[in-house]
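J.: Sharing a model that was predicted from the sequence below.
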Amino acid sequence: MTDNNVRRQVLYSGIQPSGRIQLGNYIGAIRNFVLLEKDYDCLFCVVDLHALTIRNLPADLRRQTMELAALYIACGLDPKQSIIYCQSHVPEHAELAWVLNCYTYMGELSRMTQFKDKSSRHKDNINAGLFTYPALMAADILLYQTDLVPVGADQKQHLEITRDIALRINGLYGDVFRVPEPYIPKTTAKIMSLTEPERKMSKSDEEDSFVAILDSPDVIRRKFKRAVTDSLADIRFDPDNQPGVSNLLSILSATSGTGIDALVDELAGRGYGVLKERTAEAVIEQLKPVQDEFARLMKDKAYLADVLKENAGRASVLAQRTLRKLYKKIGLYQP
Ligand code: ATP
Ligand code: LTN
């Protein structure tokens with residue numbers, strides 16, 4: 001964090017180590033973190049406690065946690081400047097989440113689309129953590145007096161409930177929390193599944209539905225070749241009627257930097273095969289430097305462990321300030 005006296009704005013975001021990081025996470029979230037890093041005091045969290053809301057094998061969860069930390073750095077984030085850390089290493093997250101749970105209503109939580117979506121996909125494991133997930137997410141954000149939260153469009157509702165909880169507590173006890181603003185990119189906020197383009201791309205879905213950031217070029221080509229399109233044989237950007245083709249155009253535009261209208265003009269009259277090939281190649285090229293840097297970092301686990309340890313310490317100092325202030329305000333006796 002900066003040394004001068006002017007308070008820089010705080011930016012916070014998190015990703016779950018619940019699977020292999022996919023293209024939507026990259027385009028909708030991580031890529032923007034890198035652009036914002038220089039203008040804010042940033043914290044980027046591996047939200048491993050959130051990942052417990054879905055069943056993982058312990059060995060997978062451990063590996064994915066390390067991989068996500070490495071991926072943040074491989075994508076260009078600087079762990080000396082920004083605080084890149086793991087949620088479970090900073091116990092204040094769980095402590096604040098408990099308090100926020102007591103200021104969050106069942107009615108609010110039951111309106112969350114992520115809860116409805118995940119509980120319908122994991123019917124055998126509709127646990128209380130899945131239900132109260134937004135209170136833990138609010139704790140992540142509010143602990144650091146966050147100003148800005150860059151996320152994909154799917155997280156908008158969770159940001160709204162975070163703001164509501166902050167305003168509720170501030171209303172009752174005076175200014176405890178800064179009320180955060182979402183930062184949701186307009187054009188690429190939602191990358192859709194390759195096999196069910198009406199649904200968002202998600203790392204916990206079946207393998208062919210998403211492109212993992214670490215997929216090899218051959219796998220990426222194969223996944224795009226199999227991507228669901230339609231029978232209209234017309235390359236147009238029309239997400240309602242041609243969701244598959246429109247999603248490919250969004251991905252191609254996001255990775256090549258060419259606007260969607262220019263791509264539609266250029267590809268008019270050509271087959272879907274060409275669109276798929278072009279998209280696959282643009283994605284491969286964009287991911288190559290990230291993959292190379294990731295491979296290098298994963299060879300140095302001691303470095304990654306040091307980064308996580310040191311940064312958890314930096315985060316904890318900040319988190320304790322907010323927690324102490326809140327405990328006092330709400331009447332928890334503090335000797
Ligand atoms: P899971 O399937 O485990 O819920 P996920 O792939 O949805 O995972 P998260 O860890 O929930 O990923 O999200 C990390 C970040 O990536 C969030 O900011 C989220 O908004 C963003 N994100 C996730 N999926 C997409 C997507 N398809 N398009 C754009 N942004 C996305
Ligand atoms: N809920 C988010 C992940 C997440 C998060 C956060 C994002 C947990 N805590 C704090 C931003 C800020 C998700 O499922 N994508």
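T.: Right, received. Where do you want to start? Numbers count the residues shown, from 1 in each chain. Ligands and ions are numbered 1, 2, ... in the order given.

J.: and the helix or strand harbouring residue 141, what's its mean pLDDT?
T.: Per DSSP states H and E: residue 141 is located in helix 128-142. For helix 128-142, mean pLDDT is 97.

J.: hmm, that helix touching ligand 1?
T.: No - contact check for helix 128-142 against ligand 1, using CB under 6 Å from any ligand atom: none in range, with a minimum separation of 9.9 Å. In this view, the C-beta of every residue, glycine as well, is placed from N, C-alpha and C.

J.: Send me that helix as CSV with only the CA atoms.
T.: The C-alpha coordinates for helix 128-142 follow below in CSV (Å, rounded to 0.1, in the frame of the first residue of the first chain):
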residue,chain,number,x,y,z
ALA,A,128,-26.2,-23.5,4.7
GLY,A,129,-22.9,-22.1,3.4
LEU,A,130,-24.2,-22.0,-0.1
PHE,A,131,-27.1,-20.0,1.2
THR,A,132,-25.1,-17.6,3.4
TYR,A,133,-22.3,-17.3,0.8
PRO,A,134,-23.2,-13.5,0.1
ALA,A,135,-22.5,-12.6,3.8
LEU,A,136,-19.0,-14.0,3.5
MET,A,137,-18.5,-12.2,0.2
ALA,A,138,-19.7,-9.0,1.9
ALA,A,139,-17.2,-9.6,4.7
ASP,A,140,-14.4,-10.0,2.2
ILE,A,141,-15.2,-6.6,0.6
LEU,A,142,-16.2,-4.6,3.7
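
J.: could you check whether that helix is close to ligand 2?
T.: Yes - applying CB under 6 Å from any ligand atom, one finds helix 128-142 touching ligand 2 at 137, 140, 141.

J.: Closest to ligand 1 out of those residues?
T.: Of all those, ligand 1 sits closest to residue 137, with 9.9 Å by CB to the nearest ligand atom.

J.: ok so, going back, how about the helix holding residue 141: buried residues?
T.: Of the residues in helix 128-142, 130-142 count as buried by neighbour count, 16 or more other CB atoms under 10 Å.

J.: just stretch 140-152 next, same as before
T.: For stretch 140-152, burial by neighbour count (16+ other CB under 10 Å) applies to 140-152.

J.: Stretch 228-236 too?
T.: For stretch 228-236, a neighbour-count test (16+ other CB under 10 Å) marks 228, 229, 235 as buried.

J.: quick one: pLDDT of the second one?
T.: Residue 229 is assigned a predicted lDDT (pLDDT) of 96.

J.: give me phi/psi at it?
T.: Residue 229 adopts backbone torsions of phi -120, psi -120, taken as degrees, to the nearest 10.

J.: Give me the secondary structure label for the residue in the stretch 1-150 of the chain that ligand 2 sits nearest to.
T.: Nearest residue of the stretch 1-150 of the chain to ligand 2 (CB to the nearest ligand atom) works out as residue 14 at 3.3 Å. Three-state call for residue 14 (DSSP: H, G, I helix; E, B strand; the rest coil): strand.

J.: Give me the below-cutoff pLDDT ranges for the protein.
T.: Low-confidence segments of the chain, defined by pLDDT under 70, are located at 1-5, 187-189.

J.: how about the helices of it, start to end?
T.: Assigned by DSSP state H, the chain shows helices spanning 23-25, 31-36, 48-51, 58-74, 92-101, 106-110, 113-121, 128-142, 156-173, 217-225, 243-256, 260-267, 272-298, 301-330.

J.: Brilliant, that's me finished.
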